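In: below are the sequence and a predicted model for it; my questions follow.
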Amino acid sequence: MKILVTGGCGFTGTVLIKKLLKEGHKVTSIDTQWFGNYLRPHKNLKNIKMDIKNINNFSLKNFDSIIHLASIANDPMSEIDKNLSWEVSALASLLLVKQAIKFRVKRIIYASSGSVYGIKKEKKVHENLSLNPISLYNKVKMSTERILLSFKNEIDIFIVRPGTVCGYSPRMRLDLTVNALSFSALKKKCINVFGGKQIRPNIHIDDLTDLYIFLLKTNKRNKGVYNAGFENKSIIKIANEIKSKINCKINIIKNNNDPRSYRLDSSKLLKIGFRPKKKISDAINELIFLYKAKTLKEKKNFHSIKWLKNAIIG
Ligand SMILES: NC(=O)c1ccc[n+]([C@@H]2O[C@H](COP(=O)([O-])OP(=O)(O)OC[C@H]3O[C@@H](n4cnc5c(N)ncnc54)[C@H](O)[C@@H]3O)[C@@H](O)[C@H]2O)c1
């Protein structure tokens with residue numbers, strides 16, 4: 001298949017594109033490369049440094065599918081420049097879907113977020129529950145879903161609502177819960193937990209990238225919205241799991257400015273045949289191994305929020 005990946009140089013895109021190339025697909029990545037470029041050159045890869053806001057000038061001739069990852073990718077980052085967040089996600093996605101329809105691309109798979117549900121007490125947060133986005137990031141994601149779904153009669157739209165992703169990527173993100181806590185335990189022998197009771201769904205980066213590939217191939221009648229988070233765990237439980245593997249202290253800080261708490265029910269994905277293979281514990285073990293092997297190192301651009309604030313927006 002000929003596949004466009006937007007945001008292909010990001011944390012998820014870097015792992016995903018390596019797998020797509022291994023499967024023999026022809027891949028084009030469009031990315032502003034805000035966090036650098038860790039994609040290795042490959043004969044079937046076109047790696048283009050470009051803003052998706054300019055997608056109107058880009059030919060999508062002969063592309064089969066788009067995996068749409070480009071976004072300002074979490075709550076605090078979205079707050080840095082609110083207009084930019086709307087432009088990059090909602091507005092650019094509108095331009096992207098129109099361009100895709102013009103060139104008869106068959107399918108768009110969009111990386112939304114499980115955080116669109118906001119705070120939910122229900123034990124099973126499935127795709128039919130109402131959305132209650134509480135941050136700008138959540139609102140932008142929900143609106144972008146709706147923009148894309150409004151074209152569902154003209155192009156097949158698959159929406160994925162991932163939990164927090166864990167695990168290693170060459171373009172590492174050290175702002176994601178499991179990654180951040182594991183890295184802090186490894187480097188500082190100490191983990192700071194804000195609140196701790198919040199329940200969050202988690203998914204391993206290998207499972208999420210396998211899922212995007214699965215959705216490229218699944219029957220078009222499966223199009224629609226899917227939760228993707230198979231382990232719902234409180235932050236304190238995650239911290240304790242890390243402590244059981246890495247000798248460290250846990251400091252609980254009562255002041256918690258991020259109250260989002262929800263569990264994802266991802267059984268709809270299981271019904272169409274997707275099976276996750278990894279757990280949070282695999283991610284922690286892999287991070288320990290890679291840290292000891294000096295493959296996982298701290299770089300300024302791995303702290304997305306600070307990096308975006310200082311290096312990009314000024
Ligand atoms: N990582 C997670 O835990 C998680 C969870 C749920 C949803 N998501 C979503 O998955 C997607 C990928 O996330 P990620 O963790 O790989 O984040 P990331 O920040 O590492 O990757 C996003 C990429 O998009 C690029 N980008 C941003 N604006 C762009 C623009 N205007 N044009 C072209 N490229 C642009 C950035 O340079 C970056 O490389 C995002 O949409 C994010 O919201 C991520």
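Out: Right, received. Where do you want to start? Numbering: from 1, shown residues only.

In: mean confidence score for stretch 30-40?
Out: If you average the pLDDT over stretch 30-40, you get 96.

In: cool, and stretch 127-135?
Out: If you average the pLDDT over stretch 127-135, you get 91.

In: distance from the chain centre to that stretch, please.
Out: Centroid separation between stretch 127-135 and its chain, computed with C-alpha atoms, centre = their mean, to the nearest Å, is 18 Å.

In: then stretch 115-133?
Out: 18 Å.

In: same thing with stretch 53-71?
Out: 18 Å.

In: what do you get for stretch 179-197?
Out: Relative to its chain's centre, stretch 179-197 lies at 21 Å (C-alpha atoms, centre = their mean).

In: residues in contact with it?
Out: The contact list for stretch 179-197 (C-beta atoms under 8 Å, 6 or more residues apart in numbering) reads 166-167, 172-174, 234-236, 238-239, 242-243, 246-259, 261, 283-284, 287-288, 291, 296, 298. Quick note: C-beta positions are derived from backbone N, CA and C, even for glycine.

In: now do the end-to-end distance for it.
Out: Using C-alpha to C-alpha, to the nearest Å, the end-to-end distance of stretch 179-197 comes out at 18 Å.

In: re earlier: could you list which of the contacts of stretch 179-197 belong to helices?
Out: Among the contacts of stretch 179-197, the members falling in helices (DSSP state H) are Ile235, Ile236, Ile238, Ala239, Ile242, Lys243, Ala283, Ile284, Leu287, Ile288, Tyr291.

In: which of those count as buried?
Out: By neighbour count, with 16 or more other C-beta atoms under 10 Å, these hold Ile235, Ile236, Ile238, Ala239, Ile242, Ala283, Ile284, Leu287, Ile288, Tyr291 as buried.

In: any idea how far Asn202 is from the second one?
Out: Yep, that's Ile236 we're talking about. Distance, Ile236 to Asn202, by C-beta to C-beta, to the nearest Å: 14 Å.

In: what does the protein put close to the ligand?
Out: Residues of the chain found near the ligand (C-beta under 6 Å from any ligand atom) are 6-7, 9-13, 30-35, 51-53, 69-71, 73, 88, 92, 111, 113, 162, 164-165, 171, 173, 176, 304.

In: from those, list the buried ones, please.
Out: Burial by neighbour count, 16+ other C-beta under 10 Å: within those this picks out 6-7, 9-13, 30-35, 52, 69-71, 73, 88, 92, 111, 113, 162, 164-165, 171, 173, 176, 304.

In: distance of the closest residue to the ligand within the chain relative to Asn74?
Out: The nearest approach of the chain to the ligand comes at Gly10, 2.0 Å away (C-beta to the nearest ligand atom). With distances taken as C-beta to C-beta, Gly10 is found 12 Å from Asn74.

In: and if you look at Thr218?
Out: In this view, Thr218 and Asn74 are 28 Å apart by C-beta to C-beta.

In: so Ala228 bridges to which residues?
Out: Legend: beta-bridge partners of Ala228 under DSSP bridges are Pro162.

In: kindly export the least confident helix or strand in the chain by mean pLDDT (C-alpha atoms) in CSV.
Out: Every helix and strand in the chain was compared by mean pLDDT, DSSP states H and E; the lowest is helix 75-80, with a mean of 78. Only the C-alpha atoms of helix 75-80 are listed here, as CSV (Å, rounded to 0.1, in the frame of the first residue of the first chain):
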residue,chain,number,x,y,z
ASP,A,75,-2.8,19.1,27.4
PRO,A,76,0.0,21.4,28.6
MET,A,77,1.5,21.7,25.1
SER,A,78,-1.9,22.7,23.7
GLU,A,79,-2.2,25.5,26.1
ILE,A,80,1.1,27.1,24.9
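
In: so for that helix, what gets flagged as buried?
Out: Going by 16+ other C-beta under 10 Å, helix 75-80 has these buried residues: Asp75, Pro76, Met77, Ser78.

In: any idea how far stretch 293-307 is from the chain center?
Out: Stretch 293-307 has its C-alpha centroid displaced from the chain centroid by 17 Å (C-alpha atoms, centre = their mean).

In: likewise stretch 186-205?
Out: Relative to its parent chain, stretch 186-205 has a centroid offset of 17 Å by C-alpha atoms, centre = their mean.
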